[in-house]
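**Q** Can you look at this prediction? I've put the sequence above it.
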Amino acid sequence: MPEERPDLQVRVTTTDDGRPLITIAGELDVVTSPALATAIDGFVDDGTSVVVVDLSGVPFMDSSGFGTLLGIYRAGAAILVRSPSRQVRQLLDVVGVPGIVEIEP
């Protein structure tokens with residue numbers, strides 16, 4: 001019997017200074033990435049230069065989850081990642097995408 005996982009939770013708000021903020025909770029992988037893609041589809045406005053992505057609630061992310069996040073960049077904005085777990089931080093370090101993703105502790 002497969003192990004059950006809670007669905008991915010995605011909340012879209014703004015930071016105190018008005019930047020878009022996406023807060024994600026749950027594992028971000030090949031199974032859950034489509035839910036994130038749906039939530040952020042068309043999210044970036046033409047004038048948005050940085051989108052803040054809070055990953056403090058993401059214990060695991062694979063390359064498909066990261067690829068989905070890159071949709072923000074492809075839409076025209078840089079990505080500022082907040083509070084990634086150790087595993088997520090390692091993935092971001094391995095992928096190494098300077099100028100696209102900035103990491104904030």
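**A** Perfect, I can see it now.

**Q** Give me the three-state assignment for L21.
**A** strand (DSSP: H, G, I helix; E, B strand; the rest coil).

**Q** what sits against it?
**A** Residues in contact with L21 (C-beta atoms under 8 Å, 6 or more residues apart in numbering) are V12, T13, T14, T15, V51, V52, V53, D54. No exception for glycine: its C-beta is placed from N, CA and C like everyone else's.

**Q** For S63, see how far away it is.
**A** Relative to S63, L21 is positioned 24 Å away (C-beta to C-beta, to the nearest Å).

**Q** list the buried ones in the top helix by length along the chain?
**A** In the chain, with assignment by DSSP state H, the single longest helix is helix 63-74. Under the neighbour-count criterion of 16 or more other C-beta atoms under 10 Å, helix 63-74 has S64, G65, F66, T68, L69, G71, I72, Y73 buried.

**Q** got a list of contacts for that helix?
**A** With C-beta under 8 Å, 6+ apart as the test, helix 63-74 has contacts from 28-30, 32-34, 36-37, 40-41, 43-44, 51, 53, 58, 79, 91-92, 95, 97, 100-101.

**Q** how far away is S85 from I24?
**A** According to C-beta to C-beta, S85 stands 11 Å off from I24.

**Q** what's the closest non-adjacent residue to S33?
**A** Closest residue in space to S33, ignoring its immediate chain neighbours: T68 at 4.3 Å, by C-beta to C-beta, 6 or more residues apart in numbering.

**Q** I misspoke; the intended subject was D41.
**A** Among residues not flanking D41 along the chain, G71 sits closest, at 7.8 Å (C-beta to C-beta, 6+ apart).
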